[in-house]
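Chemist: please find the sequence and the predicted model below.
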There are 2 protein chains.
Amino acid sequence: MNKQQNILIIGAGLCGSLLALRLGQRGYNVSVYEMRSDLRKVDISAGRSINLAFSNRGNKAMKLVGIQDKVKALCIPMNGRMIHDKEGNTFLSNYSGRDHEYINSVSRGGLNALLLDEAEKHENVSIYFNKKCKSVDFKKTTALFKDYETNSEFIEDADAIIATDGAGSAMRKSYYLGKKFLFSFSQDYLTHGYKELSIHPTETGDYKTHKNALHIWPRGTFMLIALPNLDGSFTVTLFLSYDEGKYNFNNLTTPEIVSEFFQKEFPDALQLMPNLIEDFFNNPTAALGTVKCSPWHYKGNTLLMGDSAHAIVPFYGQGMNASFEDVVEFDAVLDQKLGNWETVFKTYEKTRKKDTDAIADLAIDNFHEMKDHVANPIFQEKRKLEMALEQNFPNDYASKYSLVTFNENIGYREAMLKGRAQDKAILNMLADGNISTDFLLGEDERHHATKEKLKAILEKVKTETQEILEEDKIAGLK
Amino acid sequence: MNKQQNILIIGAGLCGSLLALRLGQRGYNVSVYEMRSDLRKVDISAGRSINLAFSNRGNKAMKLVGIQDKVKALCIPMNGRMIHDKEGNTFLSNYSGRDHEYINSVSRGGLNALLLDEAEKHENVSIYFNKKCKSVDFKKTTALFKDYETNSEFIEDADAIIATDGAGSAMRKSYYLGKKFLFSFSQDYLTHGYKELSIHPTETGDYKTHKNALHIWPRGTFMLIALPNLDGSFTVTLFLSYDEGKYNFNNLTTPEIVSEFFQKEFPDALQLMPNLIEDFFNNPTAALGTVKCSPWHYKGNTLLMGDSAHAIVPFYGQGMNASFEDVVEFDAVLDQKLGNWETVFKTYEKTRKKDTDAIADLAIDNFHEMKDHVANPIFQEKRKLEMALEQNFPNDYASKYSLVTFNENIGYREAMLKGRAQDKAILNMLADGNISTDFLLGEDERHHATKEKLKAILEKVKTETQEILEEDKIAGLK
């Protein structure tokens, strides 16, 4: 594969623009076709989440392309979850017991614009907007586009086509409808949808509530969350069933009932949202789905990457991070100099798919954790214990959340297996009274006697976790 | 819902013809449209498995419609798996320690013909052949058909449409392409395909190998199986990877290499199959897929049932049994007199889907068990122990296989959860040396001292199984 090869990228979203930048840095001739207008010139935020959680795996990709400092300027650190109960009491639950581990709220538009700017600095990278991919002929390695500016259609060919065209990928649809090979595919919707709302800044431009947290109002079968933006506002998202429960998207049809719902369930949030009704009825209700498929590639001709290959629900804050990590993993496969695209694509999928499957499943787990478990006493006790373990033994313990979010040097699948076993070990030992966190109450958690007790618990957790992993292995379970 | 309602059934395969019979018995006006010719008049076996495993759940449905005795005449009992090693040694592994528990080989065509005959005895049931469903308008409750006899198209309407049109269901495709509601859907292919072969009867019409068993030649990454037919022949199926391993479907392209493969891997089977090469190159290689979807119904208008809702791989011998059980479950929901089709369909899916999801997953598990684990010492030891437990404590122990296959009064999901926990308990206790089956070697297994030892093991297995289920529950795992 000489580097004068022509690579066609479909979609200039977060994954496509990062991929274009990286392949540009590596010397390939890269053409990117994007169906939307250039977001640096036109405001096209509608219908997509305004801000996103950005963490270590995403940052690993930013380091790879050398723009981590520029990205940092776009980030607002969120050190933990701020949980709001129905009475308006708040409770901060840190994401990690290690101070340097936190996630960030980042503007999707700002980050995408930066990536486009950086990619276009390479003269071997060209980006075309308002060109919608209609289908891909993966046998011929050509793509059919509609030009929204001229209303005409045209075909482009390339040495390889990589589709980063998101959850509704046109190329994936061509794989599915083409029936030229056995294409495993799933789309799974949650029974819940979501709607974006907002908390505006104060008149002086300040944040109306705690800035450095991801706010959650967990209510068992539904929840509200809020992430800060650089302009002092928060983007708020309501996750709610379409048709079950007393209040649901299907029956929240009048301003009166929406106000009643928020007054009853989220009174402190309602105080900050005089604009609620306007937002609620102006903004769309969108679905939450998981997409998995295989194979991602057709021979050495075409490859799916990012959401087009593995769209996930947003509850682990890993959608963007996983897509960025795709580019890091793909880059590592390119470093192996395997000689042809088919081997590259095959090797990449073999390495990567187990991890994207895992984060898809973890994201569903976290949906239940966020809306429900965070308000459950035994889960809170586990969380408290894990914080103490991470604080006291920063090199010896990492919770499932930390493994997934802050340990970018292990894959999602390993993080999932180890994290789930740890959770199971701790929850069962707490339930059996085999370990207890009573001694943490009110005491200085770095006190010597406390540390001794924690050390004993850490050993028990490690032993039990190892045993759970062993037992699953012997039983032939994954 | 008065019984003069018109029900349109798409597909007169095993599920559709049973459903037509049952709804006919209940007094509904039933019209069935089938794309194939009437199999009672034309031989249309090509491309579908010739014989199937029939067991308790299927028989429950036959009892419901009162034809269990007629079906019994079509059955050949198979008491266990006869395992063939590479040297041609055989080893019989019973399906159960209880003598009255066995599965049956039944002719697909013979059983389908019986169901059609029985359904047509009801004057309120009409069956039309050579009418292919092209699409369903689920909002209007109409279906578009192509008449293969006249080559014309026509539309039928009904009060409710039930599609039993198999894994490639036209109605499911209409749900998917219609995009009128959130339709979760998956198709998952194994990396293996299958090909049907045959062992002919002897010249005097006898069976060339043991009649009352399901024969397996397990080889780790591939396998051959054989089921007996009433005419003295066996239908043989090769399950093999498309493209991995030394021999695979993609490289078995000449008579020489096919002979070499069988000579090396299945020498005793090859002896019985002088017709191997002819079968191999005449018969198609087919894919193995799992289909899951939800919702099955659109309001009270349409419903998917049988393979159209939940196609599974054949390795548990439960595909037909699960589809027959669908009709039993649907019938039980009709007995609740819920007043309208929407409530009936919704209630049916809510009750049934967890079980069809479970059997789909169990069937994948059994693929690995059959091709690999049955030849693995620790799995053989587990199996030997379970047989002894079932023989000695017939009312107190049922293996996973027995729970799934012979315990028709519990659902597949319950059978899966309990069966997996039991397997995990036994395998881990064997691996840890916590229990042992040495004392079973060569002894009379109904001997008093043996029974005492078995009783102690049974208690350990029960305790450990319960603990595994509890621990999963506390960890919030399913």
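Modeler: Now that the structure is in, tell me what you want to look at.

Chemist: tell me which element the residue of chain A found nearest chain B is part of?
Modeler: Going by C-beta to the nearest C-beta, chain B is nearest to A:Ser186 of chain A, at 3.3 Å. All C-beta spots, glycine's among them, are computed from the backbone N, C-alpha and C. Using DSSP states H and E, A:Ser186 sits within strand A:184-199.

Chemist: other residues contacting the helix or strand just after that strand?
Modeler: Using DSSP H and E, the helix or strand that follows strand A:184-199 in sequence is strand A:213-218. Under the contact criterion C-beta atoms under 8 Å, 6 or more residues apart in numbering or on different chains, strand A:213-218 has outside partners A:53, A:78-84, A:92, A:103, A:105, A:209, A:223-227, A:234, A:265-266, A:269, A:317, A:370-372, A:374-375.

Chemist: also stretch A:25-33?
Modeler: A:3-12, A:16-17, A:20, A:23-24, A:65, A:119, A:122, A:124-128, A:131, A:133, A:143, A:145, A:156, A:158, A:331, A:334.

Chemist: ok, 7 Å please
Modeler: A:3-10, A:12, A:16, A:20, A:23-24, A:65, A:122, A:124-128, A:131, A:133, A:145, A:334 (C-beta atoms under 7 Å, 6 or more residues apart in numbering or on different chains).

Chemist: filter those residues down to just the ones in helices.
Modeler: A:16, A:20, A:23-24, A:65, A:334 (DSSP state H).

Chemist: hey, what's the residue of chain A closest to chain B bridged with?
Modeler: A:Lys292, B:Ser186 (DSSP bridges).

Chemist: measure it to A:Cys293 for me?
Modeler: 7 Å (C-beta to C-beta, to the nearest Å).

Chemist: more neighbours, these two?
Modeler: Taking other C-beta atoms under 10 Å in any protein chain shown, A:Ser186 and A:Cys293 do not tie; A:Cys293 has more neighbours (23 against 18).

Chemist: test my guess that the more buried one contacts A:Leu182.
Modeler: No - the pair A:Cys293 / A:Leu182 is not scored as a contact, 11.3 Å apart, by C-beta atoms under 7 Å.

Chemist: ok, back up a step: what subset of the contacts of strand A:213-218 is buried?
Modeler: Neighbour-count burial (16 or more other C-beta atoms under 10 Å in any protein chain shown) applied to these gives A:53, A:78-84, A:103, A:105, A:209, A:223-227, A:234, A:265-266, A:269, A:317, A:370-372, A:374-375.

Chemist: which bits of chain A sit near chain B?
Modeler: With C-beta under 7 Å from any C-beta of the partner chain as the criterion, chain A meets chain B at residues A:182, A:184-189, A:287, A:423-424, A:427-428, A:431, A:471, A:474-475.

Chemist: looking at the residues you listed, state which has the most neighbours.
Modeler: When neighbours are counted by other C-beta under 10 Å, A:Asp423 leads these with 23 neighbours.

Chemist: buried ones in stretch A:186-204?
Modeler: A:186-190, A:192-200.

Chemist: residues making contact with that stretch?
Modeler: With contact meaning C-beta under 7 Å, 6+ apart, stretch A:186-204 is reached by A:49-50, A:207-208, A:226, A:231-242, A:244, A:249, A:272-273, A:275-276, A:279-280, A:283, A:285-292, A:313, A:367, B:182, B:184-186.

Chemist: inside strands: which ones of those?
Modeler: The strands, defined by DSSP state E, take in A:226, A:234-241, A:285-292, B:184-186 from these.

Chemist: if any of those residues are buried, put those into a PyMOL selection.
Modeler: Provided next is the PyMOL selection string for whichever of those are buried by 16+ other C-beta under 10 Å:
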select buried, (chain A and resi 226+234+235+236+237+238+239+240+241+288+289+290+291+292) or (chain B and resi 184+185+186)
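
Chemist: which residue ranges of the stretch 201-350 of chain A form helices?
Modeler: All helices of the stretch 201-350 of chain A, identified by DSSP state H, counting those that start in this stretch, fall at A:255-265, A:267-271, A:276-282, A:307-310, A:319-335, A:341-371.

Chemist: which of these sits most buried?
Modeler: Sort the helices of the stretch 201-350 of chain A by mean neighbour count, taking mean count of other C-beta atoms under 10 Å in any protein chain shown, and helix A:307-310 sits at the top with a mean of 28.

Chemist: not counting its own residues, what contacts it?
Modeler: By C-beta under 7 Å, 6+ apart, helix A:307-310 touches A:163-167, A:169, A:171-172, A:291-293, A:296, A:319, A:322-323, A:356, A:360.

Chemist: stretch A:253-271 now?
Modeler: Contacts for stretch A:253-271 (C-beta under 7 Å, 6+ apart): A:84, A:86, A:88, A:217, A:219, A:224, A:247, A:252, A:276-277, A:280.

Chemist: what's the residue lying closest to A:Ala360 once chain neighbours are set aside in contact with, if anything?
Modeler: Once flanking residues are discounted, A:Ala360 sits nearest to A:Ile312: 4.6 Å by C-beta to C-beta, 6 or more residues apart in numbering or on different chains. A:Ile312 sits next to A:290, A:318-319, A:322, A:359-360, A:363 when contact means C-beta under 7 Å, 6+ apart.

Chemist: let's go with 6 Å and repeat that
Modeler: A:290, A:319, A:360, A:363 (C-beta atoms under 6 Å, 6 or more residues apart in numbering or on different chains).

Chemist: in the stretch 351-478 of chain A, which spans are helices?
Modeler: A:377-392, A:400-405, A:412-431, A:448-474.

Chemist: which strands and helices lie in contact with the shortest one?
Modeler: If contacts are counted by 3 or more C-beta pairs under 6 Å, 6 or more residues apart in numbering or on different chains; DSSP states H and E, helix A:400-405 sits against helix A:412-431.

Chemist: kindly export the helix it packs on (C-alpha atoms) in PDB.
Modeler: Output of helix A:412-431 as PDB, limited to C-alpha atoms (Å, rounded to 0.1, in the frame of the first residue of the first chain):
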ATOM      1  CA  TYR A 412     -13.300  -2.200  26.900                       C
ATOM      2  CA  ARG A 413     -13.800  -6.000  27.000                       C
ATOM      3  CA  GLU A 414     -11.200  -6.600  29.700                       C
ATOM      4  CA  ALA A 415     -12.500  -3.600  31.600                       C
ATOM      5  CA  MET A 416     -16.000  -5.100  31.400                       C
ATOM      6  CA  LEU A 417     -15.100  -8.600  32.500                       C
ATOM      7  CA  LYS A 418     -13.000  -7.400  35.400                       C
ATOM      8  CA  GLY A 419     -15.300  -4.600  36.400                       C
ATOM      9  CA  ARG A 420     -18.400  -6.800  36.400                       C
ATOM     10  CA  ALA A 421     -16.700  -9.400  38.500                       C
ATOM     11  CA  GLN A 422     -15.500  -6.800  41.000                       C
ATOM     12  CA  ASP A 423     -19.000  -5.400  41.300                       C
ATOM     13  CA  LYS A 424     -20.400  -8.800  41.800                       C
ATOM     14  CA  ALA A 425     -17.800  -9.600  44.500                       C
ATOM     15  CA  ILE A 426     -18.400  -6.300  46.400                       C
ATOM     16  CA  LEU A 427     -22.200  -6.400  46.200                       C
ATOM     17  CA  ASN A 428     -22.400 -10.000  47.400                       C
ATOM     18  CA  MET A 429     -19.900  -9.500  50.300                       C
ATOM     19  CA  LEU A 430     -21.800  -6.400  51.400                       C
ATOM     20  CA  ALA A 431     -25.100  -8.300  51.200                       C
END
